[in-house]
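Peer 1: here are the coordinates; sequence isn't available:
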């Protein structure tokens, strides 16, 4: 069996790096963008995520069927990666572009652009995922390729999660009028104004140390609780005054005021360019080697019957949905948690970079641990470990930065193992179907698995939206934000933990241990050798 070159593994990994610029950009930042910048109700956003991803999950299956029936000189799956590279970047940019619309118009725009994005994402990601299973027939080599893929995915996620907020700060600078009056040693009155209306701005000191309270003139319409910055809307030529304390030598140059609407849009536009370039490189550096049996006839009904009888795949369908609910809640609440509980949005970028580095470590240890314990046992151990550690976040206060980072990093090492194993196990399920039935429908197996993961992300978005709505969260109102803090803590800590433990229980039903996979791999290789002879 031909071993994959380092160049091809890295080339394949670039594809998931690109996909995660889109996926993590959407799963991490789109919820807070919709609620705090675009002004949508969190329950509306949650329902949108659920409906759109359920519909997109059905589209996944159709895309898998289409991939299996694609016949080009580039193969079945690679051409789709090339065809969708640029459209995917464009539709991602559209998600973070806001138009001046009425409330109903905003909802319609959100639905249209979100659905369009996922149509293109599906046409790109289903072929990309299935490509792994046809690059090599060796299940152990596929696990290694999965590790490279996840390293690429986590680096892509780290880039967007680590750099985006800083790019938002860079591109969203509005150059307002700022006046600073010193009241005593560490206390200042800061007054700001701008020549244009700005719907959503965030003010803080560049060092992020000082605490802001509204000055008396505006305290009647805004809460006066000290926080490390404030989010509010500015009217043109109107003064907004704050009492700033706890930091030395505050000057006009110390104050940062960011237009989040402009900042998010410009930052995502830049990220989208890199996304398209990386996808093109993946197409150019990979090769398809595993083909369906030569005597296999195209028969969709048989493919679907084989899929329904495929017990490993049926278990993975549930597992994929559940572990993505777990991971998507953890990712989707981070920026809100750091913005409104720790009152330090930029610190969220450092946290997500730290988690991405932990994810890379988790992905790299998956292959050796999988060889030692097998995929099934490792999956169960990782779920229990990550979930129980994550629950400790419920004990952390706003000042427990070190504890939050430590718990998050340790939990993420375990969480990174889930997707690394899952996509390799879908390849095993495709092998199992060929072993049992003499037929192979790789695209269909991966597309149906993708349906589960995307629907899981939709369920996670709905859970976040409904929990925040239950606590009356309004991202443009400081009073409602503070009232929703208990719900934000729940979403960051023990709600994901419950889901992880439930997932571990389902994983005990998975029937393919390492001994069985070795038997399947040997048998399939013997069959392929005979067909060539």
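Peer 2: That came through, no problem. Because the structure is a prediction, the values reported are computed rather than measured. Numbers count the residues shown, from 1 in each chain.
Peer 1: any idea how far the closest residue to residue 185 other than its chain neighbours is from residue 255?
Peer 2: Setting aside the residues directly before and after it, residue 185 is nearest to residue 248 in space (Cβ to Cβ, 6 or more residues apart in numbering), at 8.0 Å. Every residue, glycine included, has its C-beta placed from N, CA and C. From residue 248 over to residue 255 the distance is 14 Å, taken as Cβ to Cβ, to the nearest Å.
Peer 1: between those two, who's got more neighbours?
Peer 2: residue 255 (22 against 10; other Cβ atoms under 10 Å).
Peer 1: shouldn't the more buried one be in contact with residue 189?
Peer 2: No - using Cβ atoms under 8 Å, residue 255 is not in contact with residue 189; the gap is 11.9 Å.
Peer 1: common neighbours of those two, please.
Peer 2: Residues touching both residue 255 and residue 189 by Cβ atoms under 8 Å, 6 or more residues apart in numbering: residue 180.
Peer 1: next structured bit after the lowest-mean-pLDDT helix or strand in the chain?
Peer 2: Among the helices and strands of the chain, helix 478-483 carries the lowest confidence by mean pLDDT, DSSP states H and E, at a mean of 76. The element immediately downstream of helix 478-483 (helix or strand, assigned by DSSP states H and E) is helix 485-492.
Peer 1: check the offset of that next one from the chain's centre.
Peer 2: Relative to its chain's centre, helix 485-492 lies at 19 Å (Cα atoms, centre = their mean, to the nearest Å).
Peer 1: next one: stretch 86-93
Peer 2: 16 Å.
Peer 1: and for stretch 397-417?
Peer 2: Worked out by Cα atoms, centre = their mean, stretch 397-417 lies 17 Å from the chain centre.
Peer 1: now do the helices in the stretch 401-533 of the chain.
Peer 2: Taking DSSP state H, counting those that start in this stretch, the helices of the stretch 401-533 of the chain run over residues 401-415, 417-437, 442-470, 478-483, 485-492, 494-507, 514-532.
Peer 1: tilt between the helix or strand in which residue 331 is found and helix 417-437?
Peer 2: For residue 331, the element it lies in under DSSP H and E is helix 311-340. Relative orientation of helix 311-340 versus helix 417-437 (axes from the mean of the first three to the mean of the last three Cα atoms, to 10 degrees): 160 degrees.
Peer 1: buried set for helix 311-340?
Peer 2: 312-340 (16 or more other Cβ atoms under 10 Å).
Peer 1: likewise stretch 275-293?
Peer 2: Buried-residue list, stretch 275-293, by 16+ other Cβ under 10 Å: 275-276, 278-283, 285-287, 290, 292.
Peer 1: let's have those in TSV, adding secondary structure, pLDDT and distance to residue 34.
Peer 2: Shown next, in TSV, are the buried residues of stretch 275-293 (DSSP: H, G, I helix; E, B strand; the rest coil; pLDDT from 0 to 100; distance: Cβ to Cβ, whole Å):
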residue	secondary structure	pLDDT	distance to residue 34
275	helix	96	20
276	helix	96	24
278	helix	96	26
279	helix	96	26
280	helix	96	30
281	helix	96	31
282	helix	96	30
283	helix	96	32
285	helix	94	36
286	coil	93	35
287	coil	90	40
290	coil	79	41
292	coil	70	42
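Peer 1: low pLDDT regions in the stretch 1-150 of the chain?
Peer 2: Applying pLDDT under 70 to the stretch 1-150 of the chain picks out residues 1-2, 57.
Peer 1: quick one: the strands in it, in order.
Peer 2: For the stretch 1-150 of the chain, no strands are identified by DSSP state E, counting those that start in this stretch.
Peer 1: picking that back up, confidence-wise, which of the helices of the stretch 401-533 of the chain is weakest overall?
Peer 2: Among those, helix 478-483 carries the lowest mean pLDDT, a mean of 76.
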